[in-house]
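> Sharing a model prediction with you, sequence too.
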Amino acid sequence: MILITRLALALALIAALSSAQPRHAGGNIEATTRIINDCEQRTNKFKKTLDRALGRDNVRAGQGREAQLNENASRLENQMDKVGDSWNKDHDMSKTRAHVQAALALANDINRAMKSWNMGGDAESEWNTVRAELNKLAANFGLARIR
C-alpha cells in the first residue's frame, strides 16, 4: 500500500513539473530565436527602405494610402519587437503565438499594398525577403503563410 501511495505521489509530481515547464518550439529554441531575430532585423530594414521609396514621386498613390502603408510598416516593426520580447521572456510558444498572429495580420495588409503599387526594386526586393522570413515564422508557429 505504501508503495502504491509513493508511486501515485511521484506520478503527480512529474505531471505537475511537466505542466509548469514552458511549451517550446518542438524543443528547438535556438532555431525559433534565430527566425524571430531575422524577422526583427528584416522588418526594421524594410521600414527604412519603404520610407525612401515613399519619398519618390513615381510611387504616389494618394496621401492616405501612403500614410496607411507607412503606419502599417511601423506597426509591423513594433509588433515584431513584441514577438521578440515575448519569446525571450520564457520561450513559450503559446504566449508568443498571439504576437506572431498580430504581426502576420499586419504583414498581410502590407503585402496587398506592395502587390498593387510599383514601389521600385529595393522596396519590393526587401519586402519579398521580409515576407519569406515571416512565412518561416508562420510555419514555425503553425500559422497561415502570407500569400
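On my side now, so go ahead. Numbers count the residues shown, from 1 in each chain.

> Next one: residue 79 from residue 145, what distance?
17 Å (C-beta to C-beta, to the nearest Å). Every residue, glycine included, has its C-beta placed from N, CA and C.

> Between those two, which is the more surrounded one?
Taking other C-beta atoms under 10 Å, residue 79 and residue 145 do not tie; residue 79 has more neighbours (21 against 15).

> quick one: buried residues of whichever strand or helix holds that one?
Using DSSP states H and E, residue 79 maps to helix 63-90. When burial is assessed from 16 or more other C-beta atoms under 10 Å, helix 63-90 yields the following buried residues: 66, 69, 72-73, 75-77, 79-80, 83-84, 86-87.

> Who are the packing partners of that helix?
helix 29-54, helix 93-116 (3 or more C-beta pairs under 8 Å, 6 or more residues apart in numbering; DSSP states H and E).

> Could you export the buried residues of helix 63-90 as CSV, including pLDDT and distance to residue 41?
Listed next are the buried residues of helix 63-90 as CSV, based on pLDDT from 0 to 100; distance: C-beta to C-beta, whole Å:
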residue, pLDDT, distance to residue 41
66, 80, 24
69, 90, 20
72, 95, 18
73, 95, 14
75, 97, 17
76, 97, 13
77, 96, 10
79, 97, 14
80, 97, 9
83, 97, 12
84, 97, 10
86, 96, 17
87, 97, 14
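
> Which of the residues you listed sits closest to residue 102?
Nearest to residue 102 out of the buried residues of helix 63-90 is residue 79 (C-beta to C-beta; 5.3 Å).

> what residues are up against the closest one?
By C-beta atoms under 8 Å, 6 or more residues apart in numbering, the contact list for residue 79 reads 99, 102, 103, 106.

> which of these has the most neighbours?
Of these, with other C-beta under 10 Å as the count, residue 103 tops at 27 neighbours.

> how near is that one to residue 31?
Distance from residue 103 to residue 31, by C-beta to C-beta: 18 Å.

> do the same with residue 108
24 Å.

> who has more neighbours, the two?
residue 108 (16 against 13).

> how near is that one to residue 136?
16 Å.

> contacting residues for the nearest residue to residue 50 once chain neighbours are set aside?
Here the nearest residue to residue 50 in space, its sequence neighbours aside, is residue 73; by C-beta to C-beta, 6 or more residues apart in numbering that works out to 5.1 Å. Residues in contact with residue 73 (C-beta under 8 Å, 6+ apart) are 43, 46, 47, 50, 110.
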